[in-house]
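[1] okay, predicted coordinates and the sequence, questions at the end:
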Amino acid sequence: MTKSIDENFDLWRKSLARIKEELRQLPDDERSWLAEHLRQVQQLQRQIHGFFEQADGASRCLACNGACCEKGRNHLTLVNLLGFLLTGTEPPEPDFAATCPFLTAAGCCLDVERRPFNCVTFNCEAVEDALDEASRAAFYLQERRLRQLYEAFDRRYAGSSLRGLLIRAERLGERPFLDRL
């Protein structure tokens, strides 16, 4: 069943508050684990985005009005949100009336380092075809490494899932997002 805009926003607001409080209570060694693994995620995401830039992805997206980005309603994950919160930064306010809550008229309002896995690793045919064979192979190697990092979060925390933060929040109920598995 599809949630209403208000229901999505309410779930977002409650999840954000819960995760902030859970993060505040984390022991230093766990915060260190998060910081190091988020640093690795963000570094790989910048590298992967380099392939998009190499293929002149921005102009290719303009040609189709960013149709791929309109499919991102549930892509933001705990990993992405923690990328903001661990540094004391607030994430952008989502607009659940949009096809993707973080897609604005100016494009994605999430920086590359904190974009969802699906958004960073998806290449449409036009972008894929613009990469030479060596670049495509390097891209997919980096994609596998990035997936492994996201999966390390999934194995560690109850609230982590590549399926998306809000989908995971619904399944978690009152269980803490940062509950160790």
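    Everything's here; your move.

[2] name the helices or strands packed onto the longest helix along the chain?
    In the chain, taking DSSP state H as the definition, the longest helix is helix 28-54. Helices and strands touching helix 28-54, by 3 or more Cβ pairs under 8 Å, 6 or more residues apart in numbering; DSSP states H and E, are helix 78-85, helix 117-121, helix 133-156. (Each C-beta comes from the backbone N, C-alpha and C, glycine too.)

[3] now render those helices as TSV, adding mean neighbour count and distance to Arg175.
    Listed next are the helices and strands packed on helix 28-54 as TSV, based on neighbours: other Cβ atoms under 10 Å; distance: least, Cβ to Cβ, whole Å:
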stretch	mean neighbour count	distance to Arg175
helix 78-85	23	13
helix 117-121	22	22
helix 133-156	15	14
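
[4] ok, Arg46 - contacts?
    112-113 (Cβ atoms under 8 Å, 6 or more residues apart in numbering).

[5] what residue is smack in the middle of the protein?
    Nearest residue to the geometric centre of the chain (Cα atoms, centre = their mean): Pro116, 2.0 Å.

[6] make CSV out of the helices and strands packed on helix 28-54 and add distance to His37 and mean pLDDT.
    Supplementary listing: those in CSV, determined by distance: least, Cβ to Cβ, whole Å; pLDDT from 0 to 100:
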stretch, distance to His37, mean pLDDT
helix 78-85, 8, 98
helix 117-121, 14, 94
helix 133-156, 6, 98
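
[7] reformat these as a markdown table; add distance to Arg171.
    Listed next are these as a markdown table, based on distance: least, Cβ to Cβ, whole Å:
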| stretch | distance to Arg171 |
| --- | --- |
| helix 78-85 | 12 |
| helix 117-121 | 18 |
| helix 133-156 | 13 |
